[in-house]
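Undergrad: Okay, predicted coordinates and the sequence, questions at the end:
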Amino acid sequence: MNKIILIGNLTKDPEINTTNSGVSVCRFSLAVQRNFASSADNGPQADFFNIVVWRGLADNCHRFLKKGSKCCVVGRIQNVSYEAQDGTKRYSTEITASDVEFLSTKSSDANGDMPKPVGNGSAELEPIDDDDSLPF
């Protein structure tokens, strides 16, 4: 089984391209915080993953994600090889995403907080007492 789930923040704005056959492909880098701090500088550490998204999901990632956006990526790890301009063979590891969930919006502030919903003159919700109505 080849499956990975990552939650992190984009390190730069996503880049989108189109293949010769018209298929959208979006690429971005995701910084994922580690659960521990480095003993050398007592600061948090992160791992950086190259993410590749295809088709309609690629269009949505390009439209709704930006540098600093928090998202969850579900996908698979893929090793790719290519020939560099100098003729040497190079290898790269990337995550091909099958699902991306946006955990912050494009209009979120710098703290990563979700924007406050805007109502159309709607009244505030009133709390209800449901202690007596629950069957359990």
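TA: Right, received. Where do you want to start?

Undergrad: and the lowest-mean-pLDDT helix or strand in the chain, which strands flank it?
TA: Every helix and strand in the chain was compared by mean pLDDT, DSSP states H and E; the lowest is strand 24-37, with a mean of 91. Using DSSP bridges, the strands paired with strand 24-37 are strand 4-10 (antiparallel), strand 15-18 (antiparallel), strand 44-54 (antiparallel).

Undergrad: how about those strands in TSV, adding mean neighbour count, distance to residue 32 and mean pLDDT?
TA: Bear in mind the C-beta positions are built from the backbone N, C-alpha and C, glycine included. Putting the strands paired with strand 24-37 into TSV (neighbours: other Cβ atoms under 10 Å; distance: least, Cβ to Cβ, whole Å; pLDDT from 0 to 100) gives the following:
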stretch	mean neighbour count	distance to residue 32	mean pLDDT
strand 4-10	16	4	97
strand 15-18	12	19	97
strand 44-54	16	5	93
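
Undergrad: ok so, going back, now find how far off-centre the least confident helix or strand of the chain is within its chain.
TA: 7 Å (Cα atoms, centre = their mean, to the nearest Å).
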